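In: give me a model of this one.
(2 chains)
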Amino acid sequence: MKRYDKNGPLALVFNFVFLLFILAPLVVVCLVAFTDKGYLSLPRDGLSVRWFVAILDHPEFVDAFWYSIYLALGSATVAVALAIPAAMATARYKFPGRGLIMAFFMSPLMIPHVVLGVAFLSYLSSLGWSGTYIGLVACHVVLIMPYALRLVLASVTGMDRSAELAAKSLGASKWTTFRRVTIPLILPGVTGGWVLAFITSFDELTMTLFIASPSSTTLPVRMYQHITETIDPLIASVSAVIIFITMIMMIILDRIFGLDKLLVGK
Amino acid sequence: MPPFFLKLNLVNQMSFLSLKNISKRFGDFVAVEDFNLEVDKGEFISLLGPSGCGKTTTLNMIAGFEEPTTGAIQIDGRDMTHVSPNARDIGIVFQSYALFPHMTVAENVGFGLEMRKVGKQERRERVMETLELVGLTEFAERVPKALSGGQRQRVALARAIVIRPQLLLLDEPLSALDAKIRESMQVELRNIQRTVGITTILVTHDQAEAMAMSDRIAVMNMGRMARLGEPFEIYEKPGDSFTSNFLGSTNIFDGEVQDELEGQVLVNCSDIGLHIPGSAAKGARVSVAIRPEKVGLVQAGKGIFNAKVRTRIFLGTCWAYQVESDLGSFNVTLQNTGHSVAGEGETVGVTWHDDAVRILAER
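Out: I've put the predicted structure just below:
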């Protein structure tokens, strides 16, 4: 049988150019990280890991890294915990204001992060939460909610509800049904939503710049501050480390769930 | 016919599941209207009807997934109308199987027992026992994804009956299967139901399936019960044109009652006089029905009237004719006996036994 799923030469060239376009900046950053010079440059005269070692001399980067991890962990978890009931309610029931609630949850996608940053800054200070972990988590939850919600919603919508009915008819209570049947069935969407939310939170700079304090500085904010003072390859080596960690995470996720499934919430 | 009070008494004693005047409305839409059904213990009943006739809604009300707008549901004398589904002790097999994809076959089947806090040892025994009943013992540790459609259906059935429910509900359980597997599953399902002796309600739109499996069939149309009875009885005496058409192909003609004799009426259909058993008022307009397999074709002039063969299709076990006559066009099915039969364009005589013709109620 003839196979029709093969790309023609033109499509292959296009794919290659497109991949190059996406990947080139990452490759350049990784190369620059290995420079032996004191400024941003490609390592022409020889490779060096001095800028990786230099990260350890800057504990503020390491602290910021861990702070970002904790912040993203907390925010993604809270966002998903809110997204599950929200998705189930909007996917399964028709009630007045349903569209409004969805639009409200999705709205952070459409509001410029600068505006959000300014708004949250005054909001947090009037709450007395400025610069606190809880304050940052609250703001990040709002920001990453659309990502979590969309994937959870996709899996809740695509789920066969008769499995829940079957569980109920077999004697399971509402909570047991939710725990034993619903959650396992929507788990790919929940995981995918969590991962996207985590990455978005970890990566967020614009809004966090407004609300972070010296005691609650995330890695992107720290990097931004660093680069406003000096431009040295330290930024490149930090970026390379992040790229490396992300890659490892993606490979693990792909092995467990399959990335293609995860990122569409199936 | 027994006096009405005796009959009532009988029904009350025997009925295991009883649906009393139940109705279901969704907003303005009436899904089920004034539905009554009494089911005996161990009986196999089908709710048969086209899609949208309210049969699935009725099933959902019995299962507890929907609450009736009015009316009451009793199981074994207990009022169940407002009892939640997890407390009804009903096994359900869904059209989509509704297996838990993240559990093995054994875990799926054992789920209901686990909910009933049955100990691990006994659970295992009963699961294996039931899997043996449906012939899937060697698949116990597989996940549903690794099974064929028919096997999944069996797992769903095992999961529903392992809890020994007082009632088994089957919601179009075979419609997702291939025709061949469907037929063998019908026999198997019926055998299992008889072995276990469980009262069963089957929802289906497939009249052959309903007739093959049920003790009694409740034909539903537009939210109401159209006819209730044993398969043979309602096939032979459908009562109205909907039931007649839904249970099988039917030729229906309009006629006028000319005379009423002893248990027989003379009906004039397009100037052809037909003697039909039954009773009707003189001068009434009636519908007359006859099934294609009860019509015979003979030499022209030797039948009740003559007709011209328009099309003839060979189907192996039988010939399907369409003939044109003064009565209009109608279908005839002749058993293939190995002899050649009238060809297209020929004029033939049409004949039947008088008692094969039915008068249908006007709707």
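
In: which intervals of the chain have sub-threshold pLDDT?
Out: As the question left the chain open, I've gone with chain A. For chain A, applying pLDDT under 70 flags the ranges A:1-5, A:263-266.

In: my question was about chain B
Out: B:1-14, B:362-363.

In: so how far is stretch B:340-355 from its chain's centroid?
Out: 31 Å (Cα atoms, centre = their mean, to the nearest Å).

In: in that stretch, what counts as buried?
Out: Neighbour-count burial for stretch B:340-355, counted by 16 or more other Cβ atoms under 10 Å in any protein chain shown, picks out B:Ala342, B:Val348, B:Gly349, B:Val350, B:Trp352. Where C-beta positions appear, they are placed from N, C-alpha and C, glycine not excepted.

In: for those, which one is nearest B:Phe100?
Out: Among the buried residues of stretch B:340-355, B:Trp352 lies closest to B:Phe100 (Cβ to Cβ), at 54.5 Å.

In: correct me, but A:Ala86 touches A:Phe105?
Out: Yes - using Cβ atoms under 8 Å, A:Ala86 is in contact with A:Phe105, at 6.3 Å.

In: for chain B, what are the nearby residues on chain A?
Out: A:160, A:162-163, A:165-173, A:176, A:180-181, A:184-185 (Cβ under 8 Å from any Cβ of the partner chain).

In: what sits against the residue nearest in space to the middle of chain A?
Out: Closest to where the C-alpha atoms of chain A average out (Cα atoms, centre = their mean) is A:Ile199, at 1.8 Å. Going by Cβ atoms under 8 Å, 6 or more residues apart in numbering or on different chains, A:Ile199 touches A:Ala72, A:Thr246.

In: could you look up the SS state of it?
Out: Using DSSP: H, G, I helix; E, B strand; the rest coil, the structure places A:Ile199 in helix.

In: my read: B:Ala320 touches B:Ile313, true?
Out: Yes - using Cβ under 8 Å, B:Ala320 makes contact with B:Ile313 at a distance of 4.5 Å.

In: and B:Ser340, that one's in a strand?
Out: No - with three-state DSSP as the criterion, B:Ser340 is coil rather than part of a strand.

In: what about the strands in the stretch 201-350 of chain B?
Out: Ranges of strands within the stretch 201-350 of chain B are B:216-221, B:224-229, B:251-261, B:264-269, B:272-277, B:285-290, B:296-299, B:305-314, B:318-325, B:328-335, B:347-351, based on DSSP state E, counting those that start in this stretch.

In: just those strands: most buried one?
Out: Sort the strands of the stretch 201-350 of chain B by mean neighbour count, taking mean count of other Cβ atoms under 10 Å in any protein chain shown, and strand B:216-221 sits at the top with a mean of 24.

In: now the angle from that strand to strand B:224-229?
Out: Relative orientation of strand B:216-221 and strand B:224-229, computed by axes from the mean of the first three to the mean of the last three Cα atoms, to 10 degrees: 160 degrees.

In: before we move on, back to that, ok, of the residues of chain A next to chain B, which come out buried?
Out: A:162-163, A:165-172, A:176, A:180-181, A:185.

In: in strands only, show me those residues.
Out: Using DSSP state E, no member of those falls in strands.

In: residues in contact with the nearest residue to B:Ala307 once chain neighbours are set aside?
Out: Nearest non-adjacent residue to B:Ala307, counting by Cβ to Cβ, 6 or more residues apart in numbering or on different chains: B:Ser325, 3.6 Å away. Residues near B:Ser325 by Cβ under 8 Å, 6+ apart: B:Phe305, B:Asn306, B:Ala307, B:Lys308, B:Val350.
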